[in-house]
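Novice: prediction below, plus the sequence it came from.
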Amino acid sequence: MKNLFGFVVVGLFFTFSLEARPNLILVFIDDMGWGDFSCFGNEAAQTPNVDRMAKEGVRFEQFYVNSPICSPSRTAISTGQYPQRWKITSYLSNRDHNQQRGMAQWLDPKAPMLARSLQKAGYATGHFGKWHMGGQRNVDDAPPITDYGFDASLTNFEGMGPKLLPLTLKPGQDPNKPGRIWGDAERLGKGVRWMQRSKITEGFVDEAIPFMTDAAKADKPFYVNLWPDDVHSPFWPPVDKWGNGKRELYLQVLKEMDRQFGKLFDFIREDEALRENTLVLICSDNGPEQGAGVSGPFRGYKTHLYEGGVRSSLIAWGPGLIPSNNNESMGKVNEKSVFSAVDLVPTLLELADVPHPEGVKYDGESLPDVLLGKSDASRKQPLLFRRPPDRDAYYGDNDLPDLAIREGKWKFLCEYDGSDAELFDMEADRGETKNLAAKHPELVARLTKVCIDWHKSLPPDNGPNMIRKPKKRPTKALYDLKQGENLSGVEAPFCEGRKVTIRATVEVNGKDGVILAHGGDKAGYALYIRDGKLVLGVRRDWKLTEAVSSSSSSSLLDGSVVVVATIGQTGKMSMSVAGKQVATADAKGKLTQPGDGLQVGNDLIKPVGKYTLTQFPGKITKLSLQFD
């Protein structure tokens with residue numbers, strides 16, 4: 001009788017645990033490569049906290065995100081729909097830049113957000129980390145994150161609402177005088193706190209843990225986004241773990257991020273109720289930046305439709321939800337299931353027993369048995385991709401494919417018109433090295449039609465008008481520009497290896513602002529005023545070199561004045577004010593062509609220089625750029 005009673009109790013408990021709605025945590029990492037976790041093959045850095053989650057859970061090797069760049073990838077995993085449906089097709093930038101690329105200014109709050117569906121069903125919903133689906137640069141009227149179905153939020157510089165902004169510190173720098181980056185974002189919502197960028201993931205974790213604790217006390221299930229941006233450049237590891245060069249800095253940041261994850265993972269693991277009824281998902285939003293993270297065996301990087309840009313290292317953990325691994329040394333590894341970020345939304349809704357919003361058709365398919373390690377099935381429909389409109393050329397590839405499809409074992413890529421077809425067998429050649437298009441003409445014809453029909457069925461962007469070929473790069477010698485002018489990366493001058501001379505006539509009514517900026521925080525040049533001093537900045541491979549005028553150069557404030565700045569072919573820099581040289585410096589190398597555009601009187605995309613304010617305080621009556 002005792003045994004019978006025991007079986008009844010166990011049976012009742014098991015039934016109850018199945019019916020309890022699971023807590024859900026999505027860890028969505030910014031710009032991390034498929035091969036960056038050590039459990040996915042990284043031998044250059046260890047990620048023990050993530051590795052333990054993989055060992056105790058399931059690791060998926062054929063999981064995809066739905067765009068090779070941040071904002072659309074985030075839109076897909078939040079809505080269960082292709083991001084093109086919402087005109088979010090590249091990273092959200094300033095107003096003019098978004099408009100030039102044919103994009104929305106922010107994600108429409110009417111989108112079928114996973115968070116909102118869960119919130120309506122009684123979940124406590126919180127977003128902690130990068131947002132980048134609206135509210136950045138000069139787009140300061142985007143909806144707050146809480147309008148998208150979140151009860152609470154804490155974001156970084158690319159989102160509306162309370163935020164953590166980064167302080168920076170280098171070895172040898174006075175810790176009482178840290179640097180600041182992205183300070184202009186203070187105006188994008190109330191409740192700003194500053195903390196060291198090297199600790200910022202832990203800052204988000206420290207906000208998420210009390211949120212989850214409060215939800216548990218209120219007997220509510222929770223859905224939490226933890227979306228860190230540590231491994232997105234610029235890389236700022238702790239000063240005692242500094243590295244030499246981009247790759248070493250990246251690896252140190254990666255290891256530190258993993259260490260900070262441990263606090264969150266241990267919080268869930270060490271609480272029996274949470275451990276038995278929480279599902280944690282960990283993956284990256286797109287492939288790595290070239291020279292920082294690695295794509296494992298795959299071709300390509302962030303911005304590319306090749307596997308390295310869109311395949312993501314997914315881990316699912318949930319001891320009470322995922323069948324036991326039987327103490328396997330590496331945990332479960334699913335090498336077969338082909339599915340993607342849009343599939344997570346209907347899958348999580350099914351696991352939570354939450355209905356779909358009325359009238360919504362997801363591009364994703366519900367695959368609960370796959371996610372919980374019970375099946376190695378794949379989604380039934382093929383996965384389709386369209387490149388960001390401003391990324392026809394990037395990271396050394398001057399003609400990237402426009403469209404792509406993954407169907408069964410086949411990966412196919414082509415241009416908007418179907419030309420330049422590439423066909424790869426993912427079972428035999430996952431590195432996309434052998435183009436089989438010529439051997440399978442009928443398959444190519446069918447997949448071409450599928451890609452083009454899908455592309456034409458979606459709202460367009462300006463990708464077809466932003467095709468960048470080397471022979472079409474503007475190479476003229478002289479540009480006359482006006483204050484407020486904003487040129488896209490395609491329209492901007494070709495500066496690589498050329499001498500640049502900036503001549504500007506300005507009337508200055510303040511001590512801070514940008515005269516001209518071309519490029520971003522990776523490559524480019526800018527002329528600006530900071531604390532009343534004229535500054536010429538050059539970016540080469542993320543490093544900023546500045547020529548700064550002395551404090552005695554007060555002639556900038558004396559009515560209309562002519563300033564001239566030059567950057568030589570070898571990186572020699574000089575500036576003059578009213579015909580008098582005021583500063584020199586050496587960037588030690590030729591300019592490299594930026595991927596980002598040019599602005600006159602501001603810099604709201606990815607700041608080239610180290611600014612206090614970006615809006616120019618006065619008039620730029622004349623400005624010319626000469627290239628030799």
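Specialist: On my side now, so go ahead.
Novice: point to the residue nearest the middle of the chain.
Specialist: Nearest to the mean C-alpha position of the chain, counting by CA atoms, centre = their mean, stands C70 at 3.4 Å.
Novice: angles on the backbone of that residue, please.
Specialist: Main-chain torsions, C70, degrees, to the nearest 10: phi -60, psi -60.
Novice: contacts only, for it.
Specialist: Residues in contact with C70 (CB atoms under 8 Å, 6 or more residues apart in numbering) are D30, D31, Y91, K130, H132, H232, D285, N286. For the C-beta atoms, the positions are set from N, CA and C on the backbone; glycine is no exception.
Novice: could you redo the last one with a cut-off of 7 Å?
Specialist: Residues in contact with C70, defined by CB atoms under 7 Å, 6 or more residues apart in numbering, are D30, Y91, H132, D285, N286.
Novice: report the secondary structure state of the residue nearest to F40 when sequence neighbours are not counted.
Specialist: Sequence neighbours aside, S313 is the residue nearest to F40 in space, at 4.8 Å (criterion: CB to CB, 6 or more residues apart in numbering). Look at S313: counting by DSSP: H, G, I helix; E, B strand; the rest coil, its state is strand.
Novice: list the contacts for S313?
Specialist: S313 sits next to W34, F37, F40, C283, S284 when contact means CB under 7 Å, 6+ apart.
Novice: distance check, it against L249.
Specialist: Remark: distance between S313 and L249 (CB to CB, to the nearest Å) = 21 Å.
Novice: can you check R386 too?
Specialist: The gap separating R386 from L249 is 32 Å, by CB to CB.
Novice: so which of these two has more stuff around it?
Specialist: Taking neighbours as other CB atoms under 10 Å, R386 and L249 compare with R386 leading, 25 against 20.
Novice: tell me the bridge partners for the more buried one.
Specialist: As for beta bridges, R386 partners with L403 under DSSP bridges.
Novice: in this structure it contacts S457, no?
Specialist: No: R386 sits out of contact with S457 when judged by CB atoms under 7 Å, with a separation of 11.1 Å.
Novice: for the helix or strand containing Q119, which positions count as buried?
Specialist: Here Q119 sits within helix 114-120, counting by DSSP states H and E. If you call a residue buried by 16 or more other CB atoms under 10 Å, then helix 114-120 has these buried ones: L114, A115, R116, S117, L118, Q119.
Novice: now stretch 443-463
Specialist: Neighbour counts using 16+ other CB under 10 Å place L443, V444, L447, T448, C451, I452, W454, H455, L458, D461, N462, G463 of stretch 443-463 among the buried residues.
Novice: for stretch 274-294, same thing?
Specialist: 274-275, 277-290, 292-294.
Novice: take the residues you listed and keep only those in helices.
Specialist: Counting by DSSP state H, the buried residues of stretch 274-294 place L274, R275 in helices.
Novice: so which of the buried residues of stretch 274-294 are in strands?
Specialist: Among the buried residues of stretch 274-294, the residues falling in strands (DSSP state E) are T278, L279, V280, L281, I282, C283, S284.
Novice: how about these in JSON lines, adding pLDDT?
Specialist: Formatted as JSON lines, those follow (pLDDT from 0 to 100):
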{"residue": "T278", "pLDDT": "98"}
{"residue": "L279", "pLDDT": "98"}
{"residue": "V280", "pLDDT": "98"}
{"residue": "L281", "pLDDT": "98"}
{"residue": "I282", "pLDDT": "98"}
{"residue": "C283", "pLDDT": "98"}
{"residue": "S284", "pLDDT": "98"}
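Novice: quick one: contacts of stretch 600-612?
Specialist: Outside stretch 600-612, the residues that reach it (CB under 7 Å, 6+ apart) are 93-94, 97, 137-138, 481-485, 512, 514, 516-517, 519-521, 524-526, 528, 530-531, 535, 537, 539, 544, 596-597, 614-616, 620, 623.
Novice: I meant to write stretch 107-127 there.
Specialist: With contact meaning CB under 7 Å, 6+ apart, stretch 107-127 is reached by 75, 78-81, 86, 88, 133-134, 143, 145, 147-153, 155, 208, 211, 215, 220-225, 345, 348-349, 352, 354, 357, 360.
Novice: so where's this protein uncertain?
Specialist: Residues of the chain meeting the criterion pLDDT under 70: 1-19, 324-330, 468-475, 551-555, 557-558.
Novice: which parts of it are helices?
Specialist: Going by DSSP H, the chain shows helices at 2-19, 48-56, 70-79, 95-100, 114-120, 200-217, 245-269, 272-276, 307-310, 341-351, 368-371, 441-457.
Novice: which ones are touching the spatially closest residue to A585 that is not a sequence neighbour?
Specialist: Using CB to CB, 6+ apart and skipping the chain neighbours, the partner closest in space to A585 is A547 (3.7 Å). A547 is in contact with V535, L536, M573, S574, M575, A583, T584, A585, counting by CB under 7 Å, 6+ apart.
Novice: buried among those residues? Make that a PyMOL selection.
Specialist: Buried members of the contacts of A547, defined by 16+ other CB under 10 Å, are picked up in PyMOL with:
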select buried, resi 535+536+573+574+575+583+585
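Novice: one step back: and the residue nearest to A585, what are its bridge partners?
Specialist: L536.
Novice: what distance do you get for it to S117?
Specialist: From A547 to S117 the distance is 54 Å (CB to CB).
Novice: next one: K456
Specialist: Distance, K456 to S117, by CB to CB: 30 Å.
Novice: equivalent analysis for G532, please.
Specialist: Using CB to CB, we find G532 at a distance of 53 Å from S117.
Novice: can you map out the strands along the stretch 301-450 of the chain?
Specialist: Secondary structure of the stretch 301-450 of the chain (DSSP state E, counting those that start in this stretch): strands at 311-317, 332-334, 339-340, 383-386, 403-407, 410-414, 422-425.
Novice: hmm, who's touching the fifth one?
Specialist: Meaning strand 403-407. 64, 305, 338, 382-386, 411-414, 416, 447, 450-451, 455.
Novice: for I529, give me its contacts.
Specialist: For I529, the contacting residues are V508, K511, D512, G513, V535, L556, by CB under 7 Å, 6+ apart.
Novice: how about the residues you listed, which pair is most distant?
Specialist: Spanning the widest gap among the contacts of I529 are V508 and V535, at 13.1 Å by CB to CB.
Novice: per-domain residue ranges of this structure.
Specialist: Following automatic domain parsing, the chain resolves into domains at 23-375, 385-465, 473-627.
Novice: which of those domains is buried the deepest?
Specialist: Mean neighbours per residue, mean count of other CB atoms under 10 Å, is largest over the domains of the chain for domain 23-375, with a mean of 21.
Novice: so how far is that domain off the chain centroid?
Specialist: Offset of domain 23-375 from its chain centre (CA atoms, centre = their mean, to the nearest Å): 9 Å.
Novice: first-to-last residue distance for it?
Specialist: From its first residue to its last, domain 23-375 covers 22 Å (CA to CA, to the nearest Å).
Novice: same question for stretch 278-295.
Specialist: Chord length of stretch 278-295, first to last residue, is 29 Å (CA to CA).
Novice: picking up where we left off before, could you dump the buried residues of helix 114-120 into CSV with distance to R52 added?
Specialist: Converted to CSV, these look like this (distance: CB to CB, whole Å):
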residue, distance to R52
L114, 26
A115, 28
R116, 32
S117, 31
L118, 27
Q119, 31
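Novice: who are the contact partners of G33?
Specialist: Listed by CB under 7 Å, 6+ apart, the contact set of G33 reads G287, P288, G293, V294, S295, G296.
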